[in-house]
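Novice: any chance you can model this:
(one chain, ligands or ions: 1)
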Amino acid sequence: MAATTFEMDGSVMEGGGQILRLSAALSCIHGTSIKINKIRAGRSTPGLRPQHLTGLELVRDMSEGSLEGAVISSSEIALSPGQLKGGSHIADTQTAGSVTLLMQVALPCCLFSQNPSQLQLKGGTNAEMAPQIDYTLKVFKPIVERFGVNMDCDLRMRGYYPKGGGEVVLRVNPIKELNPINMTERGNITKIYGRAFVAGVLPFKLAKDMSAAAVRTIRKEIKDLYINIQSLQEKDQACGNGNGIIIIAESSTGCIFAGSSLGKKGVYADKVGIEAAEMLLRNIRHNGCVDEFLQDQLIVYMALAKGVSRMRTGPVTLHTQTAIHVAEQLTKAKFLIRKAEDENANNDTHIIECQGAGMENPSL
Ligand SMILES: Nc1ncnc2c1ncn2[C@@H]1O[C@H](COP(=O)(O)OP(=O)(O)OP(=O)(O)O)[C@@H](O)[C@H]1O
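Specialist: Next up, the predicted model:
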């Protein structure tokens, strides 16, 4: 058992589930006990929701640790991790709680485990306010692999709100240390593609309408690229009913951005498509190398890497500032945010630089 217990205020800054995931992961990696209080204090349903609880239980099991206060709605937990050994684990939110957010807490732990990990994660694969699984596979994965991460993610079943029922199997090899990354050259947008989907009883027309509206919206600003958004009817690969869209853009220098949206009752399919397209355009306009979501998702890897990482971004989000706040408290990483001042920068372009803590896997 570690000698000191770190206390983390879960209500600061963004004040959401991210503080919990990041603090728990870093606590397991360092083998340091942590107490997190005022969990999600500012949210309309404060305390632990199924996704947060399942994520905490997963890393407790992965680290052979102990966990107190971990029940639904709890606003205070204490985690005392043991050793991260790797191996097979199952985590099931039993709801549409996002499997990609389970990955957010678990992946850093897998990297600093003794052995390879295999995680069977069940819940929602395309949930609101979380990366769609397609985002994790097509945007997050290729970029996080630049840190040296070796992961494989097998999407076995898609699951939607409210039932969930989705399943992914994540396999990760441990790593001695993470390389720093340098993503500062945006280049030109060379490719735009995506998927517009319906599942369950929803009519295929919704997929076509989302796709057509998204293409129309992007065309107003980007005229010289073929935009390939496939319309798809998911049959036996999906549990429950759902519709949504994700559009991905790639640049000549290997940057990847996305805009996405999910259908909701009473919202026209066109509107869903337009929302995703506008999100993508907004994330292309700022001339950064990552979109507004990848920004915060990369912070923990920058913090743990050995050496200086640099990431060119648009406006720095509150999620990113919060991730930096947590990472600086729980690691020796130091971040610096400055405005980009080169000829391609605009008022929104920033550079986030990090002197990483150089975490080493003690088992390798
Ligand atoms: N459309 C999206 N595409 C990709 N990633 C997303 C998208 N929307 C949200 N995310 C990511 O999902 C995470 C959400 O974190 P957040 O703390 O808000 O979630 P949470 O656990 O649901 O907590 P809370 O309900 O308290 O907000 C962030 O990493 C964010 O970047």
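
Novice: spit out the contact partners of whichever residue of the stretch 151-300 of the chain sits closest to the ligand.
Specialist: Per C-beta to the nearest ligand atom, Phe293 is where the stretch 151-300 of the chain lies closest to the ligand, at 3.3 Å. Any C-beta I mention is one placed from the backbone N, CA and C, and that applies to glycine too. Counting by C-beta atoms under 8 Å, 6 or more residues apart in numbering, Phe293 touches Pro131, Tyr135, Ala258, His319.

Novice: and Thr90, how many neighbours?
Specialist: No, residue 90 isn't Thr; it's Ile. 13 (other C-beta atoms under 10 Å).

Novice: run through the bridge partners of it.
Specialist: Gln120 (DSSP bridges).

Novice: and Gly259, by the same measure?
Specialist: Where Gly259 sits in a bridge, its partners, by DSSP bridges, are Ile247.

Novice: the contacts of Phe293 also near the ligand: which ones?
Specialist: By C-beta under 6 Å from any ligand atom, the members of the contacts of Phe293 lying near the ligand are Pro131, Tyr135, His319.

Novice: pretty sure the last one is touching Gln295, no?
Specialist: Which is His319. Yes. Using C-beta atoms under 8 Å, His319 is in contact with Gln295, at 7.5 Å.

Novice: on that earlier part again, reformat the contacts of Phe293 as JSON lines; add neighbour count.
Specialist: Below are the contacts of Phe293 laid out as JSON lines (neighbours: other C-beta atoms under 10 Å):
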{"residue": "Pro131", "neighbour count": "25"}
{"residue": "Tyr135", "neighbour count": "23"}
{"residue": "Ala258", "neighbour count": "24"}
{"residue": "His319", "neighbour count": "19"}
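
Novice: which of those residues fall in helices?
Specialist: Tyr135, His319 (DSSP state H).

Novice: closest to Leu26 among the contacts of Phe293?
Specialist: The nearest member of these to Leu26, counting by C-beta to C-beta, is His319 at 16.2 Å.

Novice: ok, and the closest non-adjacent residue to the closest one?
Specialist: Once flanking residues are discounted, His319 sits nearest to Asp296: 3.8 Å by C-beta to C-beta, 6 or more residues apart in numbering.

Novice: which secondary structure state does that neighbour sit in?
Specialist: With DSSP: H, G, I helix; E, B strand; the rest coil as the basis, the three-state label of Asp296 is helix.

Novice: gap between it and Lys122?
Specialist: As defined by C-beta to C-beta, to the nearest Å, Asp296 lies at a distance of 24 Å from Lys122.
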